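In: sequence first, predicted model second:
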Amino acid sequence: MSAVQEVTAAPALEAVPKRAMTLGAGTSLIVLALLIAVPLFVKNFIIFQMTMLLIYGLAVLALNILTGGSGQFSLGQSAFYAVGAYTSAILMEHIGMNYALTLPIAGLICFVFGFLFGQPALRLSGVYLALATFALATAMPQLLKLGYFEHWTGGVQGLVVTKPDPPEVVQSVLAWVHLKMSQDMWLYYFTLVVTIAIYVFSVNLLRSRSGRAFMAIRDNEIAASAMGINVALYKTLAFGVSAAITGIAGGLGAIAVQFVAPDGYTITLAISLFLGMVVGGVGWLPGSIVGSAFIIFVPNIAEGISKGLSGAVFGVILFLVIFLVPHGARQVAMVAQHLLGRLKKR
Amino acid sequence: MELLTNQILAGIATGAIYACMALAVVMIYQAIDHLNFAQGEMAMFSTFMSWQLMQWGVPYWGAFLLTLALSFAGGIVIERLLFKPLAKAPILTNVAGFIALFAIINSCAGLIWDFTIKQYPTPFGSAPFLGSQLISTHQAGMIGVTVLLLIALYVFFRYTRIGLAMRAAASVPESARLVGINTSWMIALGWGMAAAIGSIAGMLIAPVVFLEPNMMGGVLIYGFAAAVLGGLTSPFGAVVGGFLVGIFENLAGTYIPGVGNELKLPIALALIITVLVVKPAGLFGRPIVKRV
């Protein structure tokens, strides 16, 4: 209740050093090899789930850039995801555009949308920003249902999206060695390439001048502005970049699920993405994939343990995770790295 | 003109619900400095407990007081068991904890009392209040209780030793500890009080929205909005915010063409955000001055 609050006592996140935000080269290669090899040996349904894993991973990564990078909290990511998904779906179904080309457009539209939303959000922080983004998330499904856009969005029923075939080149090359590639597998590898590209971009972004500006703002806004950082510009930029990546994830999600409908993008999605970020470790980009696995698989596991009490089981699991590792997967990785280091020394 | 007054009266009646909830939200915000997303579910669970007590034959006011005591204890237990270990964890981890608590309480209530809608009695009766068709005696009683609660809280925080200690523990924990305040227990006390106020809100709201595990979903959102609008640091602001949100919502539904039930919430929220952009600390909140 005091009117004066020490800024040092109130940062939303503790500072994450720049280098601790990524994985080492060796580990990255192992993860990459696994991501490439596993789909060759599993059923189509599991490939589909792995695709969703990457897509949600991207969305969590986007939130991580916003919250872990620039220290702004958002419960509105589902709105950006929805805009991306609808952009891709409308371009593919109404205009007949190639699915791959719709993604950059979805990203661009979401960037503009996020950048503009970031303007009023500039004046808000903490809980107030949470409420503003929350409002965006609750409004989005209702806006998509509006009669004015029904011709384009399909109203309550949504739109059906066709699943792309592997391109001719790939098919003919594979036919040479008597192999066939399913639509699911093609889509998985397509998503994987996009994911890696965005991951590399994000890592480099956070290492760049802009990334350092984000982190300076996160750690102490006043000090950052005193050092000559344009706080307003970089905060809105963070919103824009985060929205763009979420939008691309949304577009990919629409293609993978083959369907967009307003009720698929409610506040529940935004909360899931938030949980994914916390479980993966705020500000640790590789954790995004761990968080994404958590929000995809744990609800299913909880349902498997008890149908009636699935919510309670989910809550208990979540509590266990945050009790054991309050800093998420990042903490696990750091402990593992520490142990490995000790082994090497001997 | 009559339509306008009627809509405003109806808005005040629904606003009383939001004001009640907002008061509970502000209460816990003062004690722990976070917004508790599970607040609504805690209130819902308390309301179910009182309903169960009444089913067992306890009279209304007996059940009311018993529930108050149980909720107070329950709030303290939740803090000691689940959130004290997280005191050192990052804020966002705490928020994840609230979401987990939300899922657990909602799911358990669904299992114990199932998802059918239940009638809930009112102590005030439901006849029209002073001849007005729009406000019933129950709603008038609800407004009365909210105002009483507000006065009681004001006195508690302003004039009692323990109220002062709680305020100190919430705003500057280190200094509070140095002057001998047990800050850890002040937080637990805050949880207990918030749970008790939430249970009052729940028991007052239940006759209007009916009793079921998801009854608080909508109410809590408006409660948060009201609390933020009024300023999270001010219980008085929360109550005013609650009434304003109720009136906003009703007027938007009536006067803006094309706004059905579905768009009421987004429009109410958009208005609130507009207010916040102009006055970032809420209508009655104290702006926080930052020091490097």
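Out: All right, it came through fine.
In: contacts and neighbour counts: CA atoms only from here.
Out: Will do.
In: can you give me the helices for the stretch 151-300 of chain A?
Out: Under the criterion DSSP state H, counting those that start in this stretch, the stretch 151-300 of chain A carries helices at the ranges A:168-176, A:183-207, A:209-219, A:221-226, A:231-257, A:267-280, A:287-305.
In: in CSV: those helices, plus mean neighbour count, distance to chain B and mean pLDDT.
Out: Formatted as CSV, these follow (neighbours: other CA atoms under 10 Å in any protein chain shown; distance: least, CA to the nearest CA, whole Å; pLDDT from 0 to 100):
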stretch, mean neighbour count, distance to chain B, mean pLDDT
helix A:168-176, 12, 44, 81
helix A:183-207, 17, 21, 92
helix A:209-219, 21, 11, 91
helix A:221-226, 16, 7, 89
helix A:231-257, 26, 14, 93
helix A:267-280, 26, 6, 91
helix A:287-305, 20, 11, 90
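In: who in the stretch 51-200 of chain A is up against chain B?
Out: Those residues of the stretch 51-200 of chain A that sit near chain B, judged by CA under 8 Å from any CA of the partner chain, are A:120-121, A:123-124, A:127-128, A:131-132, A:135-136, A:138-139, A:142.
In: those residues in strands, which ones?
Out: Within those, no residue falls in strands by DSSP state E.
In: same list, those, but as CSV with pLDDT please.
Out: Converted to CSV, those look like this (pLDDT from 0 to 100):
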residue, pLDDT
A:Pro120, 81
A:Ala121, 79
A:Arg123, 79
A:Leu124, 79
A:Val127, 76
A:Tyr128, 79
A:Leu131, 80
A:Ala132, 82
A:Ala135, 82
A:Leu136, 86
A:Thr138, 83
A:Ala139, 83
A:Gln142, 82
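In: quick one: buried ones out of those residues?
Out: Neighbour counting over those (16 or more other CA atoms under 10 Å in any protein chain shown) leaves A:Pro120, A:Ala121, A:Leu124, A:Val127, A:Tyr128, A:Leu131, A:Ala132, A:Ala135, A:Leu136, A:Thr138, A:Ala139, A:Gln142 as the buried ones.
In: not counting its neighbours along the chain, what's nearest the fifth one?
Out: Read that as A:Tyr128. B:Val228 (7.0 Å; CA to CA, 6 or more residues apart in numbering or on different chains).
In: which bits of the stretch 101-250 of chain B sit near chain A?
Out: Counting by CA under 8 Å from any CA, the residues of the stretch 101-250 of chain B lying close to chain A are B:101-108, B:111, B:167-168, B:170-172, B:225, B:228, B:233.
In: any chance you could map the strands in the stretch 101-250 of chain B?
Out: Applying DSSP state E, counting those that start in this stretch to the stretch 101-250 of chain B gives strands spanning B:128-129, B:132-136.
In: pick the one among the residues of the stretch 51-200 of chain A next to chain B closest to chain B.
Out: Distance to chain B, by CA to the nearest CA, is smallest for A:Ala139 among those, at 4.9 Å.
In: find the nearest non-adjacent residue to that closest one, please.
Out: B:Pro266 (4.9 Å).
In: who's in contact with the one you found?
Out: The contact partners of B:Pro266, taken as CA atoms under 8 Å, 6 or more residues apart in numbering or on different chains, are A:Ala135, A:Leu136, A:Thr138, A:Ala139.
In: hmm, back to that, which stretch among the helices of the stretch 151-300 of chain A comes nearest A:Ala312?
Out: With distances scored as CA to CA, the stretch of the helices of the stretch 151-300 of chain A nearest to A:Ala312 is helix A:287-305 (8.3 Å).
In: wait, what's in contact with the nearest residue to A:Phe294 once chain neighbours are set aside?
Out: Of all residues beyond its chain neighbours, the one nearest A:Phe294 is A:Gly276 (6.5 Å), with distances taken as CA to CA, 6+ apart. Taking CA under 8 Å, 6+ apart, we find A:Gly276 in contact with A:Val60, A:Ser288, A:Val290, A:Gly291, A:Ser292, A:Phe294, A:Ile295.
In: with B:Leu220 instead?
Out: B:Tyr18, B:Met21, B:Ala22, B:Gln39, B:Gly40.
In: if you set the cut-off to 6 Å instead, what comes out?
Out: Shown in contact with B:Leu220 (CA atoms under 6 Å, 6 or more residues apart in numbering or on different chains): B:Gly40.
In: Three-state assignment for the closest residue in space to A:Gly283 that isn't next to it in sequence, please.
Out: The spatial neighbour of A:Gly283 that comes closest, neighbours along the chain excluded (CA to CA, 6+ apart), is A:Gly68 at 3.7 Å. Here A:Gly68 is recorded as helix under DSSP: H, G, I helix; E, B strand; the rest coil.
In: count the neighbours of B:Thr116 for me.
Out: Neighbours of B:Thr116 under the rule other CA atoms under 10 Å in any protein chain shown: 10.
In: before we move on, what about B:Leu111?
Out: Neighbour tally, B:Leu111, other CA under 10 Å: 14.
In: and it, how far is that from B:Ile104?
Out: With the distance defined as CA to CA, to the nearest Å, B:Leu111 ends up 11 Å from B:Ile104.
In: next one: A:Trp176
Out: Applying CA to CA, the value for A:Trp176 to B:Ile104 is 55 Å.
In: now the most centrally placed residue in chain A: closest residue in space, sequence neighbours ignored.
Out: The residue lying closest to the centre of chain A (CA atoms, centre = their mean) is A:Ala59, at 1.3 Å. What sits nearest to A:Ala59 in space, not counting adjacent residues and going by CA to CA, 6+ apart, is A:Thr246, at 4.8 Å.
In: thinking again about what came up before, any buried residues in the helix or strand hosting the residue nearest to A:Ala139, and which?
Out: Using DSSP states H and E, B:Pro266 sits in helix B:261-278. For helix B:261-278, the neighbour count (16+ other CA under 10 Å) marks B:263-273, B:276-277 as buried.
In: from the middle of its chain, how far away would it be?
Out: 19 Å (CA atoms, centre = their mean, to the nearest Å).
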